[in-house]
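Peer 1: dropping the sequence and predicted coords here.
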Amino acid sequence: MENSGLFGPNLKLPSIGDMKSGYEKELNLLKNEIDAAFERKHKDLIKEVSELRIICQAKKDEIENLKSVLATRAQNNKRKCLSEKENNDLQKKLQDRKETDNQSESLKRNLGIQQEENSMLKDRLADVSRQHSILQENYQKLLNVMTSEKRTDSNENKTNVEGNTSNFLNVLIAEETEKYIREESEHCEILQSKINREIQELKRTLQDGAI
């Protein structure tokens, strides 16, 4: 630090012949005081700069730490958003699957009811067919009784009238029975077609739910 003074120890003062030695001594003292003050100020400045460097480094480290924290938070927020999105997607899929299952159960119940109704209609149609057979059988028995009881001396007109009446009744019963059977068959076919459509719709719904 010898050269940090403003004047330094090697400064040569001008030699003035008529200047008293007291002034020269005072001037040297003043020079030394100035050099000492400058050296102290220089040391203080160096110390202050060193402290400022330490503070700056600490601030820099703090900034880097904050950047790291912000980056970590941003990454965590991104993961959280992705996790929330995945959770929402999963919840939506579960809700859709639940609705699909409910629809499937509803369709199955409706299908079961319609199949039961169709079975009842088939039983009813079979019962009507049996009743028709019984009716025809009873009618034939009645006709046989009426034929056996006819007198041999009945005239031809009476026989023709009875024969025409019997034929008319037979045809009428057959037509009504056939009409009823045809209507019931058409109704069964409509129900069967409806059931088939709902079965196909149920299959498509289950396939969409599986996807």
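Peer 2: Great, that's in hand.
Peer 1: buried stuff in stretch 97-117?
Peer 2: 107, 111 (16 or more other Cβ atoms under 10 Å). Any C-beta I mention is one placed from the backbone N, CA and C, and that applies to glycine too.
Peer 1: show me how far that stretch is from its chain's centre.
Peer 2: 22 Å (Cα atoms, centre = their mean, to the nearest Å).
Peer 1: what mean pLDDT does that stretch get?
Peer 2: The pLDDT scores in stretch 97-117 average 79.
Peer 1: just the pLDDT for residue 62.
Peer 2: On the pLDDT scale, residue 62 gets 91.
Peer 1: helix, strand or coil for it?
Peer 2: Here residue 62 takes the helix state, with states given by DSSP: H, G, I helix; E, B strand; the rest coil.
Peer 1: which ones are touching it?
Peer 2: Contacts for residue 62 (Cβ atoms under 8 Å, 6 or more residues apart in numbering) come out as none.
Peer 1: so residue 191, which state does it fall into?
Peer 2: helix.
Peer 1: excluding residues flanking it in the chain, which one is nearest it?
Peer 2: Distance criterion Cβ to Cβ, 6 or more residues apart in numbering; nearest residue to residue 191, sequence neighbours excluded, is residue 118 at 4.9 Å.
Peer 1: look up how far residue 198 lies from the one you found.
Peer 2: 12 Å (Cβ to Cβ, to the nearest Å).
Peer 1: okay, and residue 51 sits in which element?
Peer 2: Element membership for residue 51, per DSSP states H and E: helix 21-148.
Peer 1: and residue 199, by the same measure?
Peer 2: Residue 199 belongs to helix 156-210, assigned by DSSP H and E.
Peer 1: low-confidence ranges in the protein?
Peer 2: 1-22, 142, 145-169, 172, 205-206, 208-211 (pLDDT under 70).
Peer 1: now the residue nearest the centre of the chain: how far from residue 60?
Peer 2: The residue lying closest to the centre of the chain (Cα atoms, centre = their mean) is residue 92, at 2.4 Å. Relative to residue 60, residue 92 is positioned 47 Å away (Cβ to Cβ).
Peer 1: residues making contact with stretch 105-121?
Peer 2: Contacts of stretch 105-121 (Cβ under 8 Å, 6+ apart): 184, 187-188, 191-192, 194-195, 198-199, 201-202, 205.
Peer 1: keeping just the C-alphas, turn that stretch into CSV.
Peer 2: C-alpha atoms of stretch 105-121 as CSV (Å, rounded to 0.1, in the frame of the first residue of the first chain):
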residue,chain,number,x,y,z
GLU,A,105,-79.7,-52.4,-18.2
SER,A,106,-82.8,-50.4,-19.2
LEU,A,107,-82.7,-52.0,-22.7
LYS,A,108,-82.2,-55.4,-21.2
ARG,A,109,-85.3,-54.9,-19.0
ASN,A,110,-87.3,-53.6,-21.9
LEU,A,111,-86.1,-56.5,-24.0
GLY,A,112,-87.1,-59.0,-21.3
ILE,A,113,-90.5,-57.5,-21.0
GLN,A,114,-91.1,-57.5,-24.7
GLN,A,115,-89.8,-61.1,-25.0
GLU,A,116,-92.2,-62.1,-22.2
GLU,A,117,-95.0,-60.3,-24.0
ASN,A,118,-94.1,-62.0,-27.2
SER,A,119,-94.1,-65.4,-25.5
MET,A,120,-97.5,-64.6,-24.0
LEU,A,121,-98.8,-63.6,-27.5
